[in-house]
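Colleague: below are the sequence and a predicted model for it; my questions follow.
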Amino acid sequence: MQATRPVTKPTKQRKMVFRAPDHLRYKLFAAPLSPELKASHGIKTLPVRSGDSVRIMRGDHKGTEGKITRVDRKKYRIYVEGLTREKVDGTTIFVPIHPSKVMLTTLNLDDKWRKKILERKRAALGKVEEVVEKPPKKEVVEVKEEIAVEKPPEKKAKRRKKEAVRKPTEKKAKEKIVEAEKEEKPKAKKPRGKRKTKATKKTEKEA
């Protein structure tokens, strides 16, 4: 059978509570037992029923005690004897209380089925306590003594240092660039009009 994942979405959780069937709603009415009942029955919680006497632990009516007169599974509320309020028109009504806000002081054991539930719960808790009380078995582990042999330290291979390549200075680099430009540039020829012939050169010299 495939295991179901627990629902973590608040909207889905509320939907499950409002749409829960009657046998699951019964479990949601569980309330904690008083210290005296815990000691006598050996149980921590139990669903409330009409006829049980409870003490209110939280809210405006904290500290009041009384018997449960009615259990409303549709609205998840219980009604305690003597806990009433007046309406505007003067009529008195019971104050609805959530079962998580009460503590059971006495149990109504008129029903034989409820006695069986108590016995079954007590037996289940006893089995759980027995499992918890049993100490875990100590495993004997044989430890082999290993003789530590000192190994000689390994010699690390020396790395050769790379020879630093000297970079040419800025002046030398500029001179080389200028020389290269001179070599590359061919001499520009003068136009024919500006060229001096041999005859003109002679006449200039004579003058």
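Modeller: Great, that's in hand. Numbers count the residues shown, from 1 in each chain.

Colleague: mind listing the strands for the protein?
Modeller: Remark: strands assigned in the chain by DSSP state E are 30-32, 45-47, 53-56, 65-72, 77-86, 92-97, 102-106.

Colleague: mean pLDDT, mean neighbour count and distance to K182 for those strands - can I get that in CSV?
Modeller: C-betas here are computed from N, CA, C, even on glycine. Listed next are the strands of the chain as CSV, based on pLDDT from 0 to 100; neighbours: other CB atoms under 10 Å; distance: least, CB to CB, whole Å:
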stretch, mean pLDDT, mean neighbour count, distance to K182
strand 30-32, 95, 17, 106
strand 45-47, 94, 17, 106
strand 53-56, 96, 19, 111
strand 65-72, 95, 16, 111
strand 77-86, 95, 16, 109
strand 92-97, 96, 14, 109
strand 102-106, 96, 19, 110
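
Colleague: out of those strands, which comes closest to L118?
Modeller: strand 45-47 (7.6 Å; CB to CB).

Colleague: show me what the closest one is packed up against.
Modeller: Judged by 3 or more CB pairs under 8 Å, 6 or more residues apart in numbering; DSSP states H and E, the packing partners of strand 45-47 are strand 30-32, helix 112-133.

Colleague: ranking these by burial, who's on top?
Modeller: Most buried of the helices and strands packed on strand 45-47 by mean neighbour count (mean count of other CB atoms under 10 Å) is strand 30-32; its value is a mean of 17.

Colleague: ok, that strand: who's next to it in the sheet?
Modeller: strand 45-47 (antiparallel) (DSSP bridges).

Colleague: helix or strand with the lowest mean pLDDT in this structure?
Modeller: Lowest on mean pLDDT, DSSP states H and E among the helices and strands of the chain sits helix 198-206, with a mean of 66.

Colleague: which residues are in contact with the nearest residue to V95 once chain neighbours are set aside?
Modeller: The shortest distance from V95 to any non-neighbouring residue, by CB to CB, 6 or more residues apart in numbering, is to L83 (4.9 Å). Counting by CB atoms under 8 Å, 6 or more residues apart in numbering, L83 makes contact with 56, 61, 64, 66, 94-95, 97.

Colleague: ok, those residues vs T11, which is closest?
Modeller: Closest to T11, out of all of those and judged by CB to CB, is I97, at 25.9 Å.

Colleague: next one: the closest one from Y26, what distance?
Modeller: I97 is 17 Å from Y26, where distance means CB to CB, to the nearest Å.

Colleague: residue ranges with poor pLDDT in this protein?
Modeller: By pLDDT under 70, the low-scoring segments of the chain are 1-2, 129-153, 161-169, 183-207.
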